[in-house]
Every structure is written in C-alpha cells, then in structure tokens.
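[1] Give me coordinates for this.
(one chain, ligands or ions: 3)
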Amino acid sequence: MLGEILENVRSKSPLIQNITNYVTANDCANITLACGGSPTMSDGEEEAEEMGRLCDGLNINMGTLHPRSVKAMLLAGKSAGSCGHPIVLDPVGAGASTYRRKTAEQLLREIAFTAIRGNISEIKTIAGGGNSSKGVDADAADAVTDENLEKTITFAKDLSKKTGAVIAISGAIDIVTDKNHTYIIRNGNPVMAKITGCGCMLSSLAAAYLAANPDRRLEAVAAAVISMGLCGEKAFEKMESERRGNASCRNYLIDEVYHLTGSELERGAKYELR
Ligand SMILES: Nc1ncnc2c1ncn2[C@@H]1O[C@H](COP(=O)(O)OP(=O)(O)OP(=O)(O)O)[C@@H](O)[C@H]1O
Ligand SMILES: Cc1ncsc1CCO
Ligand SMILES: [Mg+2]
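    Numbers count the residues shown, from 1 in each chain. Ligands and ions are numbered 1, 2, ... in the order given. This is a model prediction of the structure:
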C-alpha cells in the first residue's frame, strides 16, 4: 500500500503550489521534483486565487510570514478548497510570536486543511495547549517520547476531530493520525533536525502524496513521513561514510527521495498502525 502511494505520485505527477518561506523554498521545489511531483513556488496575491484552482495540491508554510503572503495564503486556500484540492498547513514557529499565532488561528478559521504537519511545539500551539518553541525548532521539553506517547496520540486525535485534518507531528517519533487511526513512525535520524527545512520538505512531500492519493488521506501523509525518514536514514549513512556534514546530507536526502522505489519504501518502513 505504501509503495502504491509513492508510485501514484510518480505516475500522476501532481502540480503542487507552495506558498512558503524564502529559507527552504528551493529545497521544497527539488524534493517535490524528486518524488515525481511538479512544484510551483509563488506568493503573489495577484495570482493566488488562480494558482489555487490550477494546482492539484497546495502547501501553505508560515516560515517567513508577512501580510502580503498571508493574503495569498487565504486566497489560494479558498480557491483550492472550493476545487477539492488537498491543502497542507505547515505552521512554522507558530508559538514564536503573536503574529504567527494569530495568523495560524486565522488560517485555521478560514481554510479547511486536509493535513497539518508540524513539530510538536507547533502542533501544541495550534491546539491551544502552549506556546513554547525555540523559534522555528521544537522545544526539547515538548519532545514526544515513549513515556508521553499515549497522551500525545490522544491530543493529536482530538485536534484531528476539531479541525477535520490529518495531523502529522514530526520528531524522533512521528505521529500521523486522523480521528480514528494512528501511525506511529520510527524512521529518521537525529541529523535531520540539523538540516533546516526537513520539516518544510516533508510538508511539500505530503501535499504531493495527498494530491496523487486523494481518497487515502491518512495513508498518504503517513507514506510521506515514512519516505522522508527512510531517506534521512540513508542520507545519514552516506554522510558519515564520507565524513561530510549537514549541507551534503541535505543534498543526499533529496537524491534518496529521487531514487526511492515503492518496494524499498515497503521494506524500510518502521511503523505501528492502530
Ligand atoms: N531526532 C530525530 N530522530 C529521527 N528523525 C528526526 C528527528 N528529528 C527530526 N526528525 C525527522 O526530520 C523531519 C523533520 O522533522 P522536524 O520535527 O525536525 O521538523 P521541523 O521542526 O518542522 O523542521 P524545519 O522547520 O527545519 O523544516 C521528519 O521527517 C522527522 O521524522
Ligand atoms: C530557519 C527558518 N526560519 C524561518 S523558516 C525557516 C526554515 C525552517 O522552518
Ligand atoms: Mg518546520
């Protein structure tokens, strides 16, 4: 099933419109191409409504927020939603400033998101249960561990019920859930937290996987998270064997997504579904 989800992305090549930050935009475009999708990156409000209609999936990322891009997010979110295209929210640094918190609230009020993907601190902020973060990174005190796993799953399920979106919490342990079923995913490597944009790239991947698999929302987001983690593991091995660092690892990760096959994804996946 996971393999088929990836193969659908490769065969359908969905057009993914990203309204995203200027830090990681290029990486998001490249990883979308690597998985078989076709990216556009544009945050102009003048074309946002049209882009929302044109695309097969929309990814909204709050990384470098400003009023003009927020207008574009709202226009694109509404037109994409009215066309039935999947929409992903990446609430980057939601707890870091009042502006980010209020914008996240507005986006959630006005757009029906298909999936929300963030680190644990961002998702807690969205849920109204805290405003911790270390800028755009997760606060170490929030980390999902085996000890707080059950509580975190319940909290994520509640948020899914409230928003109607698939919730994906990334970190050492990833949780992907809707109101009924949960994937607990243990792929990935700690070096990924040292590559800026692993989360942003994951949200772009999720938009592509969703657009190519519109009837399997939970599975599509889980497949994207597993793909990212598995490719991070392989990239880390290559980085270490060559005594390189996070900059090379970023490229290796995108290369691994480029080469990933459906059967490799099935074989490398480390998850529990309940
Ligand atoms: N300690 C870790 N061990 C294994 N995988 C990790 C770890 N930390 C992050 N990851 C993986 O890195 C990816 C990005 O997750 P992360 O939670 O770091 O996103 P983020 O904070 O939104 O990143 P960014 O804002 O830099 O884009 C996910 O695929 C996640 O599984
Ligand atoms: C570092 C950073 N700052 C704003 S967006 C971004 C990329 C990771 O979210
Ligand atoms: Mg992030």
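[2] unless I'm mixing things up, residue 88 is touching residue 73, no?
    No - the criterion here is CB atoms under 8 Å, and residue 88 misses it with residue 73 at 11.7 Å. All C-beta atoms are positioned from the backbone trio N, CA, C, and that covers glycine.
[3] For ligand 3, what's its nearest residue on this protein.
    For the chain and ligand 3, the shortest gap (CB to the ion) falls at residue 199, measuring 3.2 Å.
[4] now check the helix or strand harbouring that residue, is it near ligand 1?
    Following DSSP states H and E, one finds residue 199 within helix 198-212. Yes - under the criterion of CB under 6 Å from any ligand atom, ligand 1 is reached by helix 198-212 at 198, 199, 200, 202.
[5] does that helix come close to ligand 2?
    Yes - counting by CB under 6 Å from any ligand atom, ligand 2 has neighbours in helix 198-212: 199, 200.
[6] Then stretch 164-174?
    No - if you take CB under 6 Å from any ligand atom as the test, stretch 164-174 misses ligand 2, and the best it gets is 11.3 Å.
[7] and that stretch, C-alpha only, in CSV?
    The C-alpha trace of stretch 164-174 is given here as CSV (Å, rounded to 0.1, in the frame of the first residue of the first chain):
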residue,chain,number,x,y,z
GLY,A,164,-11.1,17.7,10.3
ALA,A,165,-7.4,17.5,9.2
VAL,A,166,-4.9,14.6,9.3
ILE,A,167,-2.4,15.6,12.0
ALA,A,168,1.3,14.9,11.5
ILE,A,169,3.7,15.5,14.4
SER,A,170,7.3,15.1,13.4
GLY,A,171,10.3,14.4,15.5
ALA,A,172,12.3,11.4,16.8
ILE,A,173,8.9,9.6,16.9
ASP,A,174,6.4,10.8,14.3
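[8] Quick one: check that stretch for contact with ligand 3.
    No - shown here: stretch 164-174 not in contact with ligand 3 (CB under 5 Å from the ion), separated by at least 7.9 Å.
[9] what's the spacing between that stretch and its chain's center?
    Its chain's C-alpha centre and that of stretch 164-174 lie 8 Å apart, by CA atoms, centre = their mean, to the nearest Å.
[10] next one: stretch 208-220
    For stretch 208-220, the distance to the chain centre is 13 Å (CA atoms, centre = their mean).
[11] Between the two ends of that stretch, how far is it?
    9 Å (CA to CA, to the nearest Å).
[12] Would you map the strands across the stretch 51-200 of the chain?
    57-61, 87-90, 115-119, 166-170, 174-177, 182-185 (DSSP state E, counting those that start in this stretch).
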